[in-house]
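Visitor: Here is the input, now give the coordinates:
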Amino acid sequence: MQFPHKRKSLSKSYPKSFLVASIMNTPSFSYNLVRNRTLRRLSEEREEGRKSRERGRAKSEFESLERESIKKMKCLEQISLIYPSRAITKISFISRNLI
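Guide: Sure thing, here's the model as predicted:
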């Protein structure tokens, strides 16, 4: 809340630096200062959490793709042991799907 009539009377009787210091020492100013710092810190922490979740998600997706490709390669090994003549065509087909 602002009271313009009080501000005018203060500005006539006190220097500007004193007015700034007195405003900074009011409870509402310090409350807002602490509130803004806290909100900024919380938003930064939220941003860091979001980034770490994205990194974790990307890592888990990569690991799942890696597990799938390992399974496919094991299948290829089994196919090449059982059907050596068909293995070359199967390997080229599955390797295209891996890429």
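
Visitor: how about low-confidence regions in the chain?
Guide: Within the chain, the stretches with pLDDT under 70 are 1-27, 29-30, 82-99.

Visitor: Please enumerate the strands of it.
Guide: With DSSP state E, there are no strands along the chain.

Visitor: Helices of this protein, residue ranges please.
Guide: Per DSSP state H, the chain carries helices over the ranges 4-13, 16-24, 27-82, 84-98.

Visitor: other SSEs contacting the third one?
Guide: What that stands for is helix 27-82. helix 84-98 (3 or more C-beta pairs under 8 Å, 6 or more residues apart in numbering; DSSP states H and E). From N, CA and C alone the C-beta is placed, and that goes for glycine too.

Visitor: Let me see the contact set for Arg57.
Guide: By C-beta atoms under 8 Å, 6 or more residues apart in numbering, Arg57 lies in contact with nothing.

Visitor: Would you mind measuring from it to Ile70?
Guide: For Arg57, the distance to Ile70 equals 20 Å [C-beta to C-beta, to the nearest Å].

Visitor: Run a quick neighbour tally on Met73.
Guide: Neighbourhood size, Met73 [other C-beta atoms under 10 Å]: 14.

Visitor: Distance-wise, check Leu76 relative to Glu63.
Guide: Separation of Leu76 from Glu63 (C-beta to C-beta): 20 Å.

Visitor: of those two, who's got more company?
Guide: In this view Leu76 and Glu63 are compared by other C-beta under 10 Å, and Leu76 has more residues nearby, 17 against 10.

Visitor: From Ile70, how far off is that one?
Guide: 11 Å.

Visitor: again, but for Lys59
Guide: Separation of Lys59 from Ile70 (C-beta to C-beta): 16 Å.
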